[in-house]
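Peer 1: Take a look and give me a structure for this.
(one chain, ligands or ions: 1)
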Amino acid sequence: MYCALPSPARSFSRLAGAALGTMCGDALGMPVEGWSAARIARVHGRLDRMLPGRLAAGSYTDDSQMMIAILETLAQRGGLDPAYLARRFLARYEPIRGYGGRINALMHRLAAGEPWDRVATDSWGNGGAMRVGVLGVFFAKDRESCRAAALTQCRITHTHSRALAGAAAQVLAVRRAARLGSKGRAPAPGRFVEHIAAQVENLDAHVAGRLRAMPPLPLGDEAAAREGLTRAYACDVSAAEAVPPALGAFLAARDPEQAMVLAVSLGGDADTIGAMAGAMAGAYWGLEALPAQWLEALENQPLGRDAVLELCRNICDENY
Ligand SMILES: [Mg+2]
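Peer 2: You can find the predicted model right below:
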């Protein structure tokens with residue numbers, strides 16, 4: 001089990017920012033999951049409000065549900081205990097949230113009593129990355145613990161090197177966002193991308209190469225970023241094609257709203273790309289910078305916005 005080193009008090013804002021940023025991006029993208037960027041633009045214009053889809057407006061999907069299980073593990077165990085986390089994944093599992101077929105099968109194996117380290121498949125999907133962002137804030141002081149915890153939680157469900165490298169890239173991007181944000185420093189895109197790519201190179205060279213394929217990202221130019229990112233990346237359910245555009249949306253944005261609007265506008269696995277960009281943006285700008293109308297619209301009962309804020313408070317009270 002990996003435990004965090006003490007972090008600055010300000011981390012509550014960044015932990016809750018990463019958690020609710022994940023939920024906001026997830027809920028914003030939910031109604032357009034699987035759509036093309038062109039269809040989203042044609043039907044919704046600039047998608048900047050919570051709309052109903054296969055779930056009610058403001059509902060989160062599997063991405064946030066699994067993130068909540070990670071937060072519960074941090075709150076109850078003080079670190080990333082994978083056996084406990086696997087039980088939380090199962091306890092929180094609601095198929096209606098939109099889990100992939102492999103995860104549905106895996107949950108049945110966990111329910112049948114198989115151990116957490118025997119049920120994963122060799123998937124290169126983005127499932128290990130979509131839920132991991134909060135660990136980047138929790139382990140903000142210690143990069144090696146951060147990376148190790150991200151890989152461990154990924155291995156419960158995904159063991160392919162691309163999935164592991166994607167989870168590592170996502171958690172290290174959130175960690176870097178939290179650290180730069182706390183120092184008031186701008187995340188220079190070129191240096192940021194190279195910093196992350198270099199750290200996942202030894203896990204999977206393909207994922208590092210896909211990060212380095214990042215197009216130019218003129219700050220605040222949504223149209224240019226959308227065109228560049230959709231040309232560079234498939235934005236699909238693979239870790240290698242979903243984590244880089246999420247990072248690009250964050251790096252191109254002037255604020256959290258723009259990061260998430262841009263991320264979901266790319267289409268494809270829109271809820272997950274939105275969730276990952278939201279985690280980075282929330283960690284960088286903090287809870288207070290998330291759009292109030294989105295927080296208001298977020299699902300809140302029984303395990304929604306307020307319960308997640310309470311979990312984040314408990315984690316900070318116990319560990320920071
Ligand atoms: Mg989802």
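
Peer 1: what about the longest helix in this protein?
Peer 2: As assigned by DSSP state H, the longest helix anywhere in the chain is helix 161-182.

Peer 1: For that helix, name the packing helices and strands.
Peer 2: helix 11-29, helix 127-130, helix 133-138, helix 143-155, helix 189-200, helix 205-212, helix 239-252, helix 270-285 (3 or more Cβ pairs under 8 Å, 6 or more residues apart in numbering; DSSP states H and E). All C-beta atoms are positioned from the backbone trio N, CA, C, and that covers glycine.

Peer 1: and the residue of the stretch 51-200 of the chain nearest the ion?
Peer 2: Nearest residue of the stretch 51-200 of the chain to the ion (Cβ to the ion) works out as T61 at 3.3 Å.

Peer 1: Run a quick neighbour tally on that residue.
Peer 2: Residues lying near T61 (other Cβ atoms under 10 Å) number 26.

Peer 1: just the one 5 residues further on next, same as before
Peer 2: Counted with other Cβ under 10 Å, residues neighbouring M66 total 26.

Peer 1: mind listing what the closest residue to it other than its chain neighbours touches?
Peer 2: Spatial nearest neighbour of M66, excluding adjacent residues (Cβ to Cβ, 6 or more residues apart in numbering): R131 at 3.9 Å. For R131, the contact set (Cβ atoms under 8 Å, 6 or more residues apart in numbering) comprises T22, D63, S64, M66, M67, A69, I70, Q153.

Peer 1: So for S7, what's the pLDDT?
Peer 2: S7 is assigned 54 on the pLDDT scale.

Peer 1: how much does the longest helix of the chain deviate in direction from helix 11-29?
Peer 2: With axes from the mean of the first three to the mean of the last three Cα atoms, to 10 degrees defining the directions, helix 161-182 sits at 130 degrees from helix 11-29.

Peer 1: Centre of the chain to helix 161-182, how far?
Peer 2: In terms of Cα atoms, centre = their mean, to the nearest Å, the centre of helix 161-182 is set 9 Å apart from its chain centre.

Peer 1: again with stretch 19-36
Peer 2: 10 Å.

Peer 1: Then stretch 266-278?
Peer 2: 9 Å.

Peer 1: Just put the contacts of R131 in TSV and tack on pLDDT.
Peer 2: Shown next, in TSV, are the contacts of R131 (pLDDT from 0 to 100):
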residue	pLDDT
T22	99
D63	98
S64	98
M66	98
M67	98
A69	98
I70	98
Q153	98
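
Peer 1: In helices, which of those appear?
Peer 2: Counting by DSSP H, the contacts of R131 contribute T22, D63, S64, M66, M67, A69, I70, Q153 to helices.

Peer 1: residues making contact with stretch 26-44?
Peer 2: 47-48, 50-55, 57-61, 63-64, 98, 226, 230, 235, 260-261, 263-275, 278, 294, 297-299.

Peer 1: Now with 6 Å, please.
Peer 2: 47, 50-51, 53, 58-61, 63-64, 230, 260, 264-267, 270-271, 274-275 (Cβ atoms under 6 Å, 6 or more residues apart in numbering).

Peer 1: One more: stretch 80-100?
Peer 2: Contacts for stretch 80-100 (Cβ under 6 Å, 6+ apart): 1-2, 61-62, 65, 69, 72-73, 77, 107, 110, 116, 149, 152, 156.
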